[in-house]
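Trainee: Output the structure for:
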Amino acid sequence: MVKFGERLSQNRAPEYPPEAYMDYDKLKEIIRDLGKKKLASVDQTTREVSLTAPPPTNAAGRQFTSSDSPTTEEDFYSCIDAQLVKVEKFTLEKVTELRNQISSLEREVAALNDAATVANAAGGTSSQHRPDEAVFDRIRNQADSVAKSFLTLEKYVNLNFMGFHKILKKHDKNSPAHACKQFYINRMHNQAWVRGDYSDVVVRLSSVYSALRNDQSAEENKDASQSFLRSTTKYWVRTEDVSKVKYAILKHLPVFLQKTSTGESDSQLTNSVYFDNDQLELYHGRLDKSPGAIAYRLRWYGAGDPKIVFFERKTHRDTWTGEASVKERFIVDESEVKQVLNDKYPIDEKRKEMAKKKGATEAEVDEWETLVREMVQVVQAKQLVPTMRTQYMRTAFQIPFDATVRISLDTNLCMISERGYNTEGGAKWFRDPEKPLEPNEITRFPHAVLEVKLELGGANSEPPQWVTDLQNSGMLYEVHKFSKFIHGCAVLLPEYVRSVPYWVDDASVRESIIRSGGGRILVKSDHDTGVGPGANEMYNHLLPFGNVKESKMDAKGRTANTIDLIETGEAKAAPKTTAGTATASQYYSEADVTDDEILYNAGLQGCCEDTCAGWLFPFCSGFNEDTLAPTSVQKIEPKIFFANERTFLHWLHSGVTLYTIAAGILAFASDTHSVAVHWYAMALLPISLGFCLYALHLFLWRAEKIKTRIPGRWDDSRGPLILGTILAGVLFVNFLLKCREIRKFNYAMAHEL
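Mentor: Numbering: from 1, shown residues only. Next up, the predicted model:
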């Protein structure tokens, strides 16, 4: 294991001077000297001191002498204070430089836009007056340089932040009588280089990239009858990768700006209060993905008390039934929330107001009324009360009115229990923000949550390449059907839940669950398998960071297939890894690689099957047991199991049919018949046996795919081709032999005549 001092030296940015980093070795030397002195703890009850009394003896009862090191605890405090000031000053200087560079880019982009506007006003076309592409390339390269410099600065901050954690831990271990880690950690979190919000850099870079792309708002599509393939995938993102993910996205999608009290920001505080009853009926329905299971929540945006509240209902539908899950909502003023919850909302009056003032059509008004009545009724029928609140800062990426690709990134995610206080008949539906929360009333999620929504159809049947590159970058950890509501209920209400989601066994969330008092839903650290009973006993390989027994905290985000990275111009393959791992370490860690260099392995899929056995029998290859299983998950619909069995029976039917034909030929062919007939029948027998064996092999292979939810193709393009070719060859040979016999027969008949 590499010591942190060596790691610090190895990971310094070449463009930063060494003295810009914390002096880890100097602080460690001070700690070493203090450890030798064995300082005694201070009597905290003493209220007086003497200026003439000698210093007290050390912890071993020995008097200090002139030969002892003159180093004191004050030397350590002074040194670490100076290091903190140095790092903070350097960080703020670099941020100022980056902001100035962005300002210069913004002026250049504005000048280009002004020139194009003037030219268009003069009667020319935009293409005639569009600046040379080299100008755009130069500005784009400068924007890339600023973004990469920002990522380098963030890496600098994280490296120093970890260094202070390490050195303070070492100090408290060597001088337990003078522990100071907690004080300095709290102090660091309140300093500008750690606490500062530099999201304005992201916002301004997004505007520059958007102007260079010439993003245009799409036309609003009001035709709901069009056919699209809508998919939503959720990922976990490590905190240290959040800025890298933002940068990877904003190069292709603009940030949806949020107005805050301090100006425009790239994120907005979002609160959602979920309702459920004492039996957690809605929780278990959503966890089990029961058809028609609903989630009922009240959502508001922005800091402070809510003013406008969204009543939302999400209904789950199984896609294999041909139906799609839906999310419906209506808006009320905060003062009207109590009326809705108590079934006193004036629906008829609001209906008239909606039709008169807002100009809604009769169909829209009817749809609104139906939704409101259903949501008002379900509160009373199911006895729903506030149960769980989710809170996070949401950053949204989307071209206005273009739903092809929509991405949201939720950071600072926490779940808050809404149980244990008097709702006063619906007047209070969320906790008093002025009262502090107990540790078992809040859980802070250790990762950011990225949600990718794709709407594909027509010419856009495949997701954009940059989305695929991002998914395979090694920074995203797909967690199938992750739910903030479900996670919060499982962790904060463990005594009410009958089952828990599979991801609670993941090693990366275990500490946060224990810290929030939800340890009863976890297995003990010395458990045989490291996972609880249920799905994880079979699907344990889907946990992004492994379990408590087999932790994989340093694992990269994983993709569908294992591959060999082939070196350019050589047949020699690099060590096996998961797709995207190499590119993640090259591009996102170093922040100096272009898009064209990301995921160059697209054409290498399946190269691990290039052996004789693997080519003929896919069940024997394609999945490396020594390589981490993928986190990407394909949803298993009931019809898939039946389809596998049906395919198995069809292949068996073909094999039995061939065997019947061959047996019939042998039974009815007389000894006087041609020898070719017997050979034809004998050739069909092994082919029929091959059909039956292949049917069994394919059934087991596909059943394994379904069981482990391995993504990718679940069909075999080789077996049918091989068997079909052999059968066609035998039939063709038999056809030639029959033609030869007919020719001989005709020749003999001609001579007899």
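Trainee: packing partners for the longest helix seen in the chain?
Mentor: Assignment by DSSP state H gives helix 73-121 as the longest helix of the chain. Using 3 or more CB pairs under 8 Å, 6 or more residues apart in numbering; DSSP states H and E as the contact criterion, the elements in contact with helix 73-121 are helix 24-37, helix 133-174, helix 181-188, helix 192-195, helix 199-213. Any C-beta I mention is one placed from the backbone N, CA and C, and that applies to glycine too.
Trainee: change it to 6 Å
Mentor: Applying 3 or more CB pairs under 6 Å, 6 or more residues apart in numbering; DSSP states H and E, one finds that helix 73-121 contacts helix 24-37, helix 133-174, helix 192-195, helix 199-213.
Trainee: Pick the most deeply packed of those.
Mentor: Mean neighbour count, computed with mean count of other CB atoms under 10 Å, is highest for helix 199-213 among the helices and strands packed on helix 73-121, reaching a mean of 20.
Trainee: Show me what counts as buried in the next helix or strand after it.
Mentor: Per DSSP states H and E, the first helix or strand lying C-terminal to helix 199-213 is strand 229-237. By 16 or more other CB atoms under 10 Å, the buried positions in strand 229-237 come out as 233, 234, 235, 236, 237.
Trainee: Closest one of these to residue 26?
Mentor: Taking CB to CB as the measure, residue 26 sits nearest to residue 237 out of these, at 35.1 Å.
Trainee: beta partners of the closest one?
Mentor: residue 448, residue 476 (DSSP bridges).
Trainee: I'd guessed it sits against residue 448; true?
Mentor: Yes - counting by CB atoms under 6 Å, residue 237 touches residue 448, with 4.3 Å between them.
Trainee: For the helices and strands packed on helix 73-121, please prepare a markdown table with the additional fields mean pLDDT.
Mentor: Output for these, formatted as a markdown table (pLDDT from 0 to 100):
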| stretch | mean pLDDT |
| --- | --- |
| helix 24-37 | 87 |
| helix 133-174 | 91 |
| helix 192-195 | 87 |
| helix 199-213 | 87 |
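Trainee: nearest to residue 684, of those helices?
Mentor: Nearest to residue 684 among these is helix 199-213; the distance by CB to CB comes to 62.7 Å.
Trainee: Find the residue at the geometric middle of the protein.
Mentor: residue 235 (1.3 Å; CA atoms, centre = their mean).
Trainee: Residue 478 is in contact with that one, correct?
Mentor: Yes - counting by CB under 6 Å, residue 235 touches residue 478, with 5.2 Å between them.
Trainee: Flag the shaky bits of the stretch 151-300 of the chain, pLDDT-wise.
Mentor: For the stretch 151-300 of the chain, applying pLDDT under 70 flags the ranges 216-230, 258-264.
Trainee: What about the nearest residue to residue 429 once chain neighbours are set aside, how many residues nearby?
Mentor: Distance criterion CB to CB, 6 or more residues apart in numbering; nearest residue to residue 429, sequence neighbours excluded, is residue 386 at 5.0 Å. By the criterion of other CB atoms under 10 Å, residue 386 has 22 neighbours.
Trainee: show me what contacts residue 386?
Mentor: 273, 418, 429 (CB atoms under 6 Å, 6 or more residues apart in numbering).
Trainee: if I look at the last one, how far off is residue 329?
Mentor: Right, the one you point to is residue 429. 16 Å (CB to CB, to the nearest Å).
Trainee: Those two: which has the busier surroundings?
Mentor: Remark: of residue 429 and residue 329, residue 429 carries more neighbours, 21 against 14, as counted by other CB under 10 Å.
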